[in-house]
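Enquirer: can't give you the sequence, but here's the structure:
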């Protein structure tokens, strides 16, 4: 059996980092972890190839080689998914699809030959058995949650690691919280499930043995969902492994803001090699947090919580949302002030989006306020529901907010604020690589000479070299991120038109 695994292309969004990747001559941020894991579940004797369309093109020759094309995708990749499926139908190639997009929206894809929904550990084996027997069905689904202890190590041999800026692995699935707009609990449940300490170390070791040295993103939606086990067993084991291997990786992950309440956990994470954590802050408006069920953020000083995480040695990347029913017209100024005062450099601000499978989606349907399905890109100037705020005011306010937070003046101001507050652990020296020299030269040219931010850029360079020289590589990295964010923000805020009470691109 010849299997082609295809990962569709991402659009140009804040999370694609496409403009930043050019500075280090990388083609994509991360390899397609889900497909690489599925590949490891397929029979060893099958011939497998993988095409990541974020790295290179998918040719008809690739498709015609395959007996089956396996596709996995998230909602934001939908346009590319449709194109791939159309090509497969035209060429008569059979398709197998799974992942978050298809699990949530499988009724939209009747032409896919076989839909393997929910978690592959449960639904892929019966499909493979039926395929052997010539009785494969169209739909495979499960209402159970998988035991992750048997999930195989991803088949890294299918990708060229040099094409990617960072690697990614998974330790756990599920989140104890149930925010109204989030689909994670629908996909993975509220009880965190883990692969276990031994498997986590084995996955780190697999990357180490393949020569990877650099960033590793632990993709869990809430890494600290089972914090007692982390503190007692997992993080001490990672610390020991890192020390024995000479700290080859810098780790980053996602966590809830209540991480700030646990100094011991933060200390262990930093000692284990974590430098960054993405936190869903959403809004500094109390009514918005109440509305969406963001219980972990309510009744706390959000700024003080961010500061505690930064002082512990973790850079906070923040997710923010505008468009809640309770948002007043002053929310845009309030969001801007909070982002600037917090020193959250990577501030991902999006319009509220109703994803299928969320409590928000169900509520809006019952209220007759859902307009259309979403593209999955919450940074596009497009609403898929009727907001309480005047829609034009919401979109204009969002446009103004994006323009402000990624303008050179505002971006570099909070970048300097963050560098003053940040207290990283001095656990290892900086490993200079050729790509770092390329990035430095490109930043001097694009940002320091031709960029709109050249005044702010040289001020940052001078300050970091004189005041915090150990943070100079990070300062340049974040300056490059700012260039990417500004490029995407400019694209988002240009040329949108307003129709029928909602925005359409």
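Expert: It's in. Since this is a predicted model, take the numbers as computed values, not measurements.
Enquirer: any idea how far residue 170 is from residue 219?
Expert: When C-beta to C-beta, to the nearest Å is the yardstick, residue 170 and residue 219 sit 5 Å from each other. Just so you know, the C-beta spots here come from the backbone N, C-alpha and C atoms, and that holds for glycine as well.
Enquirer: swap that for residue 93, please
Expert: Taking C-beta to C-beta as the measure, residue 93 and residue 219 are separated by 29 Å.
Enquirer: the more surrounded of residue 170 and residue 219?
Expert: Neighbours around residue 170 and residue 219, counted as other C-beta atoms under 10 Å, are more numerous at residue 170. The numbers are 22 against 18.
Enquirer: residue contacts, residue 104?
Expert: Applying C-beta atoms under 8 Å, 6 or more residues apart in numbering to residue 104 gives the contacts 75, 183, 186-187, 355-357.
Enquirer: Spell out the residue ranges of the strands in the stretch 251-400 of the chain.
Expert: Counting by DSSP state E, counting those that start in this stretch, the stretch 251-400 of the chain forms strands over residues 274-282, 315-322, 347-351, given from the N-terminal end onward.
Enquirer: re earlier: shared neighbours, residue 170 and residue 219?
Expert: When contacts are counted by C-beta under 8 Å, 6+ apart, residue 170 and residue 219 have residue 33 as shared neighbours.
Enquirer: Could you export the strands of the stretch 251-400 of the chain to TSV, including columns for mean pLDDT, mean neighbour count and distance to residue 35?
Expert: Conversion of the strands of the stretch 251-400 of the chain to TSV gives the following (pLDDT from 0 to 100; neighbours: other C-beta atoms under 10 Å; distance: least, C-beta to C-beta, whole Å):
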stretch	mean pLDDT	mean neighbour count	distance to residue 35
strand 274-282	97	22	22
strand 315-322	97	22	25
strand 347-351	95	22	25
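Enquirer: quick one, which of those is nearest to residue 154?
Expert: Each of these was checked against residue 154 via C-beta to C-beta, and the shortest separation belongs to strand 274-282, namely 20.7 Å.
Enquirer: Note down every partner strand of the closest one and its orientation.
Expert: Using DSSP bridges, the strands paired with strand 274-282 in its sheet are strand 249-255 (parallel), strand 315-322 (parallel).
Enquirer: what's the closest of the ones you listed to residue 449?
Expert: Each of the strands paired with strand 274-282 was scored for nearness to residue 449 using C-beta to C-beta, and the closest is strand 315-322 (27.4 Å).
Enquirer: show me where pLDDT drops low in the stretch 301-450 of the chain?
Expert: Scanning the stretch 301-450 of the chain for pLDDT under 70 picks out 427-431.
Enquirer: Got phi/psi on residue 116?
Expert: According to degrees, to the nearest 10, the main-chain angles of residue 116 amount to phi -110, psi 90.
Enquirer: top helix in the chain by residue count?
Expert: As assigned by DSSP state H, the longest helix anywhere in the chain is helix 472-493.
Enquirer: Identify each buried residue in that helix, please.
Expert: The neighbour-count criterion (16 or more other C-beta atoms under 10 Å) identifies 472-489, 492-493 as the buried residues of helix 472-493.
Enquirer: same question, stretch 209-229
Expert: Using 16+ other C-beta under 10 Å as the burial criterion, the residues of stretch 209-229 that qualify are 212, 214-227.
Enquirer: residue boundaries of the strands in the stretch 101-250 of the chain?
Expert: When assigned using DSSP E, counting those that start in this stretch, the strands of the stretch 101-250 of the chain occupy the ranges 114-116, 139-140, 167-169, 172-173, 193-194, 214-218, 249-255.
Enquirer: Mean neighbour count, these: which tops it?
Expert: Per residue and on average, the most neighbours among the strands of the stretch 101-250 of the chain fall to strand 172-173, with a mean of 25 (mean count of other C-beta atoms under 10 Å).
Enquirer: same for it, what does it pack against?
Expert: Judged by 3 or more C-beta pairs under 8 Å, 6 or more residues apart in numbering; DSSP states H and E, strand 172-173 is in contact with strand 193-194.
Enquirer: TSV for the strands of the stretch 101-250 of the chain, including mean pLDDT and distance to residue 465?
Expert: Formatted as TSV, the entries for the strands of the stretch 101-250 of the chain read as follows, by pLDDT from 0 to 100; distance: least, C-beta to C-beta, whole Å:
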stretch	mean pLDDT	distance to residue 465
strand 114-116	98	53
strand 139-140	98	57
strand 167-169	98	30
strand 172-173	97	40
strand 193-194	96	42
strand 214-218	97	23
strand 249-255	97	22
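Enquirer: is it possible to export those strands to TSV including distance to residue 377?
Expert: Putting the strands of the stretch 101-250 of the chain into TSV (distance: least, C-beta to C-beta, whole Å) gives the following:
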stretch	distance to residue 377
strand 114-116	23
strand 139-140	27
strand 167-169	20
strand 172-173	24
strand 193-194	29
strand 214-218	20
strand 249-255	19
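Enquirer: Compare these and report which one is nearest to residue 22.
Expert: With C-beta to C-beta as the measure, strand 214-218 is the member of the strands of the stretch 101-250 of the chain nearest residue 22 (17.3 Å).
Enquirer: distance between that closest one and the chain's centre?
Expert: Average the C-alpha atoms of strand 214-218, do the same for its chain, and the two points are 12 Å apart (C-alpha atoms, centre = their mean, to the nearest Å).
Enquirer: show me where the stretch 151-300 of the chain has helices.
Expert: 184-188, 197-209, 227-229, 235-245, 263-271, 286-292 (DSSP state H, counting those that start in this stretch).
Enquirer: what's the closest of those to residue 419?
Expert: helix 263-271 (16.9 Å).
Enquirer: Quick one: the helices of the stretch 151-300 of the chain as a markdown table, columns for mean pLDDT and distance to residue 347 too.
Expert: Formatted as a markdown table, the helices of the stretch 151-300 of the chain follow (pLDDT from 0 to 100; distance: least, C-beta to C-beta, whole Å):
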| stretch | mean pLDDT | distance to residue 347 |
| --- | --- | --- |
| helix 184-188 | 93 | 21 |
| helix 197-209 | 98 | 29 |
| helix 227-229 | 95 | 26 |
| helix 235-245 | 97 | 27 |
| helix 263-271 | 98 | 21 |
| helix 286-292 | 96 | 16 |
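Enquirer: Those helices: which one's closest to residue 451?
Expert: helix 263-271 (32.6 Å).
Enquirer: Can you say which of the strands paired with strand 274-282 is nearest to residue 373?
Expert: Residue 373 sits nearest to strand 315-322 of all these, at 18.6 Å, using C-beta to C-beta.
Enquirer: now residue 262, nearest residue through space, not along the chain?
Expert: residue 227 (6.6 Å; C-beta to C-beta, 6 or more residues apart in numbering).
Enquirer: follow-up on the earlier one: so for residue 299, which of the strands of the stretch 101-250 of the chain sits nearest?
Expert: Taking C-beta to C-beta as the criterion, strand 249-255 is the member of the strands of the stretch 101-250 of the chain that comes nearest to residue 299, at 18.8 Å.
Enquirer: between that closest one and strand 214-218, how many degrees?
Expert: Note on geometry: by axes from the mean of the first three to the mean of the last three C-alpha atoms, to 10 degrees, strand 249-255 and strand 214-218 are set 30 degrees apart in direction.
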